[in-house]
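Novice: below are the sequence and a predicted model for it; my questions follow.
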Amino acid sequence: MILVQRYLVLMLVGMSLVHCAIAWKTGEPLELSILGSSVLTLMVAWILERALPYRRQWNANHGDLKTDMASAGVIAVLIDP
């Protein structure tokens, strides 16, 4: 798990590059590939934050799921493209 924590960003960037290269080679729209990679990256980060939190007390439910979802939506729709 230490390797995952240490190299997560590199793995996600590599996954995104491979995904875009495959989309480019097959003639698929790159915009959808980038959006898909972004959504997948957010999902992986969210799952890993729950499974391997930096601090266990931060993993408690504070009723901020709506805020987190709104933030992810803004990042995925407005900032990332």
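Specialist: Perfect, thanks for sending it.
Novice: just give me the longest helix of the protein.
Specialist: helix 2-26 (DSSP state H).
Novice: the nearest residue to residue 28 once chain neighbours are set aside - how many residues pack around it?
Specialist: Leaving aside its chain neighbours, residue 28 sits nearest to residue 22 (7.9 Å; criterion: C-beta to C-beta, 6 or more residues apart in numbering). Every residue, glycine included, has its C-beta placed from N, CA and C. Residue 22: 11 surrounding residues under other C-beta atoms under 10 Å.
Novice: how near is residue 22 to residue 76?
Specialist: Separation of residue 22 from residue 76 (C-beta to C-beta, to the nearest Å) stands at 20 Å.
Novice: grab the most central residue of this protein for me.
Specialist: residue 41 (1.8 Å; C-alpha atoms, centre = their mean).
Novice: could you give the angle of the strand or helix carrying that residue to helix 2-26?
Specialist: Using DSSP states H and E, residue 41 maps to helix 30-51. Between the axes of helix 30-51 and helix 2-26, defined by axes from the mean of the first three to the mean of the last three C-alpha atoms, to 10 degrees, the angle is 170 degrees.
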